[in-house]
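In: Whatever this is, show me its structure:
(2 chains)
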Amino acid sequence: MGAVQKHGPWALVGALGAAALAIVATQRGESINALWVVVAAVCVYLIAYRYYSLYIADKVMRLDPKRETPAHRHNDGLDYVPTNKTVLFGHHFAAIAGAGPLVGPVLAAQMGYLPGMLWILSGVVLAGAVQDFMVLFISMRRDGRSLGELIRAELGVIPGVIALFGTFMIMVILLAVLAMIVVKALAESPWGTFTVAATIPIAILMGLYARYVRPGKIGEVSVIGFVLLMAAIIGGGQINEHPVWGPAFTFTGTQLTWMLIGYGFVAAILPVWLLLAPRDYLSTFLKIGTIIGLALGIVVVAPHMQMPAMTKFVDGTGPVWAGSLFPFLFITIACGAVSGFHALISSGTTPKLVDNEMDTRFIGYGGMLMESFVAIMALVAASVIDPGIYFTMNSPGALLGTTPETAAAAVTTKLGFPIAAETIAQTAKDVGEHSIISRVGGAPTLAVGMAHIISSAIGGKAMMAFWYHFAILFEALFILTAVDAGTRAGRFMLQDLLGLLSPRFKDTSAWAPSMAATALCVAAWGYFLYQGVTDPLGGIYTLWPLFGISNQMLAAVALTLATVVIFKMKRERYAFVTIIPTVWLCICTLTAGWQKIFSPDPKIGFLSHADRFSAAIAEGKVLAPAKSMDDMHKIVFNDRIDAVLAVFFVCLVVAIVVFGVMACLKAYRSDRWTALEADPKLAPAE
Amino acid sequence: MTASAPTQSFRDRLKAFNKCVCDGARLMVGQGDYGTYVAHIQKTHPDQAPMTEREFFRNRENARFGVGNTSGFRCC
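Out: Sure, this is the predicted structure:
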């Protein structure tokens, strides 16, 4: 085959992508069509997949189609089963796609769509997809062992324990942030609260049906569940109007927080078939369906981007989250560009199901590209709404006040995005909410964007409220699934960790240790959730960066592991593939971590913020947004806890990198292959 | 499963596509293919009786959210 035939079509794809990127990047003054963003992204993905992932597969990993995978070696028809590549891709994608790629880009849109888009694209190609692909490969070559076990085996026992502990802390922050997004979306919203609450009886009904009536008929029970869900959305609209039920389903953020904490505890100890598994069906299928629907919607409607390509907030003065473009943009958009959590999934069930080594390229690298595309769509959804509305929804209440008039004045004059009070009131009415002011957390904004796009295709303005609550439900549903599944997983992790101190804790079937570990786990994320919800700055402002830092640090840990394995395989001349993203992530997370701890700007640094408030306490003054001396003490205490957590994350990543460098040096000095693959006899001769 | 011989009719291909979608959807929630499991047991352990479809379903459900398994855990 001639070079022209082989590479010609790809050159065309590249040219199209470059043209689309040029249009997106150079358009100033007038809005561009969102399709250009989509075209640019898809072309970048295609080129990266065709060339870069092939390079990694051929040069770094040397995938071998004849080599036996764990699915064949340990085939038991259950956990280890050779699985069709497309089917496994679906499984893997469903496991990695969650709320992260939907929320991060929405928050990042405060700097305009261009910085976020460029980071999503470059991040996924060079870091995120590489990480997922490498970890999947490493785990597959080691019988599908988990990330913690891999780190223990390749780096040592101490790094293994550090990583296990770190993963638990990261999970706590993740669950708190996710739960906070739900609370923020449902607070003072009877329609949303009713719909989401209705998912609990619906799931239980489904669980009973799938257990006793027609066991295993997932399709059937999911259809029933879906119909009931749609009925719940419509019913929510009635509740919203109702003079008695409306107020009965109206809760403050604090009330919802306590409900969610109680719910999390109960849901994590109930049998899985009753609540967790059936809701897992609903959330998984709804998620995949909505993602496909959103993609079709963007293509059909071809909306215009109303957000500027870049706003003045790149300097770090934005109201949504604090901090300048570097390093905080790279922290804010974690999932979608690179997400450490995927390392847990890529070393979970997927490697045990791979039929042929060659499939991992499509599943690992391709799956992450798909996830990144979801992030691009979320960015589009946040950018097609009026920027005035965007900032009205995402700025802290302390800045906006509570009425459309005060909010319109603040957004127009203080932020510089003109918006009329009537537009704010009308938008709230369109989506069936009492207010859209300061609905932080990303989910409501995304829901407005999605409702804007989908209602342009189906139903028009009249259906906008339905689509808004559909979007809220879709996000809340899989966040709640993550909360109970995460609490369960966290409980097992905690029992494992406490088992190091007292072996009695290891017994996961015993009643007392299980309850204690579940309670501890719920208390841990519940604490941060409560702190975030009661935070006068809106919680997201404080907690999202902490979550971003922790997630990116896990990615740095996973990429360090990948680098060590490359050295042990004696492929160090190709190690730049993982070293470049590791170094970049370390630079971003360590700088961000350092600034979050020590920045003299109280908006960014936890300690300077605490100092400012404790100085005021010493003078007996109450600083806004605190309302009492109690609030003041709480703010200082929370700041210090957050600072300690940031210190912990920084130390964690530094420790792992040091251990990683030592392991690399040792492998480099060795004259032979030292990687611990399941069958080292198969190591290719140098 | 999707091997498409030239003689394959449109109907067959639609059937294969359907199976792929259904298998994919089931595996997304942690349910592997029961037929594959039975075939595997019959081939490798002909002396053992395979689990019934109901037992298999429960086994997979417990495995998904079971001890030390993060597969049921949703990513961010």
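In: which residue is nearest the middle of chain B?
Out: The centre of chain B sits closest to residue B:33, judged by CA atoms, centre = their mean, with a distance of 1.5 Å.
In: Look up how far residue A:91 lies from that residue.
Out: 12 Å (CB to CB, to the nearest Å). All C-beta atoms are positioned from the backbone trio N, CA, C, and that covers glycine.
In: Could you name every residue contacting both of the two?
Out: Jointly contacting residue B:33 and residue A:91 under the rule CB atoms under 8 Å, 6 or more residues apart in numbering or on different chains are residue B:27.
In: Low-confidence ranges, chain A, go.
Out: Low-confidence segments of chain A (pLDDT under 70): A:1, A:538, A:680-686.
In: need the longest helix for it.
Out: helix A:629-669 (DSSP state H).
In: picking up where we left off before, per-residue pLDDT, the residue nearest to the centre of chain B?
Out: We note a pLDDT of 93 for residue B:33 in this prediction.
In: Let me know the helix or strand that the nearest residue to it once chain neighbours are set aside is in.
Out: Nearest residue to residue B:33, sequence neighbours excluded (CB to CB, 6 or more residues apart in numbering or on different chains): residue B:23, at 5.7 Å. For residue B:23, the host element (DSSP states H and E) is helix B:10-28.
In: Could you do residue A:175 as well?
Out: Taking DSSP H and E as the definition, one finds residue A:175 inside helix A:157-186.
In: ok, how many other residues are close to residue A:95?
Out: 26 (other CB atoms under 10 Å in any protein chain shown).
In: That one looks like it's in a helix, true?
Out: Yes. According to DSSP: H, G, I helix; E, B strand; the rest coil, residue A:95 belongs to a helix.
In: That one contacts residue A:344, doesn't it?
Out: No. Using CB atoms under 8 Å, residue A:95 makes no contact with residue A:344, being 9.4 Å away.
In: Determine the set of other helices and strands touching the helix or strand of chain B with the lowest mean pLDDT.
Out: Ranking every helix and strand in chain B by mean pLDDT, DSSP states H and E puts helix B:53-64 at the bottom, with a mean of 90. Packing contacts for helix B:53-64, counted by 3 or more CB pairs under 8 Å, 6 or more residues apart in numbering or on different chains; DSSP states H and E, involve helix A:276-301, helix B:34-44.
In: Any buried residues in that helix, and which?
Out: Residues of helix B:53-64 classed as buried by neighbour count (16 or more other CB atoms under 10 Å in any protein chain shown): B:56, B:57, B:58, B:59, B:60, B:61, B:62, B:63, B:64.
In: How much space separates the fourth one from residue A:79?
Out: Put plainly, it is residue B:59. Distance from residue B:59 to residue A:79, counting by CB to CB: 10 Å.
In: Please name the nearest non-neighbouring residue to the residue nearest the centre of chain A.
Out: For chain A, the residue nearest the mean C-alpha position is residue A:100 (1.9 Å; CA atoms, centre = their mean). The spatial neighbour of residue A:100 that comes closest, neighbours along the chain excluded (CB to CB, 6+ apart), is residue A:335 at 2.9 Å.
In: On the three-state scheme, the one you found is what?
Out: Under three-state DSSP, residue A:335 comes out as coil.
In: That one against residue A:378, yeah?
Out: No. Assessed by CB under 8 Å, residue A:335 is found out of contact with residue A:378, at 10.0 Å.
In: list the residues that contact both of those two?
Out: Taking CB under 8 Å, 6+ apart as the contact rule, residue A:335 and residue A:378 both touch A:101, A:104.
In: Go through the residues of the stretch 101-250 of chain A and report the one nearest to chain B.
Out: Of all residues in the stretch 101-250 of chain A, residue A:216 sits closest to chain B, at 3.8 Å by CB to the nearest CB.
In: So what's the residue count around that residue?
Out: Neighbours of residue A:216 using other CB under 10 Å come to 21.
In: Residue A:635 too?
Out: 26.
In: Tell me if I'm right that it and residue A:624 touch.
Out: No. In this structure residue A:635 lies outside contact range of residue A:624 using CB under 8 Å: 11.0 Å.
In: if we can go back for a sec, which SSE is immediately downstream of the helix holding residue A:175?
Out: Downstream of helix A:157-186 (by DSSP H and E), the next one is helix A:190-208.
In: Provide a list of residues in contact with residue A:85.
Out: Listed by CB under 8 Å, 6+ apart, the contact set of residue A:85 reads A:355, A:356, A:359, A:362, A:363.
In: Try it again at 10 Å.
Out: A:354, A:355, A:356, A:358, A:359, A:360, A:361, A:362, A:363, A:366, B:2 (CB atoms under 10 Å, 6 or more residues apart in numbering or on different chains).
In: Show the end-to-end separation of stretch A:411-429, please.
Out: 19 Å (CA to CA, to the nearest Å).
In: how about that stretch: buried residues?
Out: Those buried within stretch A:411-429 under the rule 16+ other CB under 10 Å are A:411, A:412, A:415, A:417, A:419, A:421, A:423, A:424, A:425, A:427, A:428.
In: May I see these arranged in TSV, with distance to residue A:68 and secondary structure as well?
Out: What follows is the buried residues of stretch A:411-429, written out as TSV (distance: CB to CB, whole Å; DSSP: H, G, I helix; E, B strand; the rest coil):
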residue	distance to residue A:68	secondary structure
A:411	61	helix
A:412	65	helix
A:415	60	helix
A:417	59	coil
A:419	62	coil
A:421	67	helix
A:423	63	helix
A:424	62	helix
A:425	65	helix
A:427	58	helix
A:428	60	helix
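In: Nearest to residue A:179 among the residues you listed?
Out: Residue A:179 lies nearest to residue A:428 out of the buried residues of stretch A:411-429, by CB to CB, at 24.3 Å.
In: Once you drop chain neighbours, what's closest to that closest one?
Out: Using CB to CB, 6+ apart and skipping the chain neighbours, the partner closest in space to residue A:428 is residue A:436 (4.6 Å).
In: Endpoint to endpoint, stretch A:53-64 covers what distance?
Out: Span of stretch A:53-64 from end to end, CA to CA: 15 Å.
In: That stretch: which residues count as buried?
Out: Within stretch A:53-64, the residues that count as buried by 16+ other CB under 10 Å are A:53, A:56, A:57, A:60, A:61, A:63.
In: So which bits of stretch A:633-642 are buried?
Out: For stretch A:633-642, burial by neighbour count (16+ other CB under 10 Å) applies to A:634, A:635, A:636, A:638, A:639, A:642.
In: these two touch, right, the fourth one and residue A:542?
Out: Think residue A:638. Yes. Contact criterion CB atoms under 10 Å: residue A:638 and residue A:542 qualify, at 7.8 Å.
In: what sits in contact with each of these two?
Out: Shared contacts of residue A:638 and residue A:542, counting by CB under 10 Å, 6+ apart, come down to A:528, A:531, A:532, A:535, A:606, A:609.
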